[in-house]
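Just the structure for this:
(chains A and B)
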Number of protein chains: 2
Amino acid sequence: MSMKAVLKEMVECVDGGLGVVVIGYDGISIDEYIKEDAPVDLQLLAVEYATVLKEIRKAVDVLNTGKMEEVSINTDVSRVIIRVLNDDLFIVFAIDNSGNYGKGRFILRCRAPRILELLR
Amino acid sequence: MSMKAVLKEMVECVDGGLGVVVIGYDGISIDEYIKEDAPVDLQLLAVEYATVLKEIRKAVDVLNTGKMEEVSINTDVSRVIIRVLNDDLFIVFAIDNSGNYGKGRFILRCRAPRILELLR
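Model (predicted):
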């Protein structure tokens, strides 16, 4: 199964799934699957959140409260779940505000090792 | 019921609840209830996250993806749920990594209006 197929399956199997982007902290996207009718510019969002995630990682390091694993940013429009893959890469999974947030988190956690494997 | 009593009840009713802090974006704490054996310096954490939250709000505004409601930052040690109260204040709820994250989110969402009321 190709990376694109894994990403597509993730988005399709979660109610309200809008898209998923695998991206580096440097803001350079590796791969993505985004639904055509997604109301959010997910590529731009992933790039903006790369900067934010670096700030969060810095704060977590300062606080010495373990290793950052997952960040969620929820607005009244969308829920964005971000899962850290390694020191360079993370995945951004966007879900509609009325979508299945719990399943999104679950699928993202389950698929992360497979995605990391496909990058090797 | 006093603010302190509401905060205590929140922490006590969630499995793995460590503490809760009501704090401004300027890093000044309004009130808090923190368990004595909390393994994390929650006051410092809330202050550090105030800066991070401002960065997230900026990104959300740039992206025009609605109004920021909730942010979660999960490490391998703790889960921190942050709920925006208004343009000045937010609540930080820290839960042990093995604690009940779902109930934490639920309780925080339910109690936020009551806390805001107590601040008036």
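
Mind checking the pLDDT average for the helix or strand hosting residue A:47?
In this structure, residue A:47 sits in helix A:42-63 according to DSSP states H and E. Throughout helix A:42-63, pLDDT has a mean value of 92.

That one to helix B:42-63, inter-axis angle?
Angle, helix A:42-63 to helix B:42-63, by axes from the mean of the first three to the mean of the last three CA atoms, to 10 degrees: 160 degrees.

quick one, phi psi at the closest residue to residue A:100 other than its chain neighbours?
Distances taken as CB to CB, 6 or more residues apart in numbering or on different chains place residue A:15 nearest to residue A:100, at 4.2 Å, with adjacent residues excluded. The C-beta positions use only the backbone N, C-alpha and C, and glycine is treated the same way. Dihedral angles of residue A:15 (phi, psi; degrees, to the nearest 10) stand at phi -50, psi 120.

just to revisit the earlier point, ok, the helix holding residue A:47 near chain B or not?
Yes - judged by CB under 8 Å from any CB of the partner chain, helix A:42-63 and chain B are in contact via A:44, A:45, A:48, A:49, A:51, A:52, A:55, A:56, A:59, A:60, A:62, A:63.

Contacts for whatever helix or strand comes next after that helix, please.
Note on helix A:42-63: by DSSP H and E, the next helix or strand toward the C-terminus is strand A:68-75. The contact list for strand A:68-75 (CB atoms under 8 Å, 6 or more residues apart in numbering or on different chains) reads A:49, A:52-53, A:56-57, A:60, A:79-84, A:97, A:101, A:105, A:108-109, B:56, B:60, B:65-76.

And for stretch A:47-67?
With contact meaning CB under 8 Å, 6+ apart, stretch A:47-67 is reached by A:23-27, A:29, A:68, A:71, A:73, A:80, A:82, A:84, A:90, A:92, B:40-41, B:44-45, B:48-49, B:51-52, B:55-56, B:59, B:62-63, B:73, B:75-78, B:97.

at 7 Å what do you get?
A:23, A:25, A:27, A:68, A:71, A:82, A:90, A:92, B:40, B:44-45, B:48-49, B:52, B:55-56, B:59, B:62-63, B:73, B:75-78 (CB atoms under 7 Å, 6 or more residues apart in numbering or on different chains).

hey, C-alpha coordinates of it in PDB?
Provided in PDB are the C-alpha atoms of stretch A:47-67 (Å, rounded to 0.1, in the frame of the first residue of the first chain):
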ATOM      1  CA  VAL A  47       3.000  25.100   7.300                       C
ATOM      2  CA  GLU A  48       1.600  27.600   9.900                       C
ATOM      3  CA  TYR A  49       1.300  24.900  12.500                       C
ATOM      4  CA  ALA A  50       4.900  23.800  11.900                       C
ATOM      5  CA  THR A  51       6.100  27.100  13.400                       C
ATOM      6  CA  VAL A  52       3.600  26.700  16.300                       C
ATOM      7  CA  LEU A  53       4.600  23.100  17.000                       C
ATOM      8  CA  LYS A  54       8.300  24.200  17.300                       C
ATOM      9  CA  GLU A  55       7.200  26.700  20.000                       C
ATOM     10  CA  ILE A  56       5.200  24.000  21.800                       C
ATOM     11  CA  ARG A  57       8.200  21.600  21.600                       C
ATOM     12  CA  LYS A  58      10.400  24.300  23.100                       C
ATOM     13  CA  ALA A  59       8.000  24.900  26.000                       C
ATOM     14  CA  VAL A  60       7.700  21.200  26.700                       C
ATOM     15  CA  ASP A  61      11.500  20.900  26.700                       C
ATOM     16  CA  VAL A  62      11.800  23.900  29.100                       C
ATOM     17  CA  LEU A  63       9.200  22.300  31.400                       C
ATOM     18  CA  ASN A  64      10.800  18.900  31.300                       C
ATOM     19  CA  THR A  65       7.400  17.300  31.100                       C
ATOM     20  CA  GLY A  66       8.300  14.400  28.800                       C
ATOM     21  CA  LYS A  67       8.300  14.000  25.100                       C
END
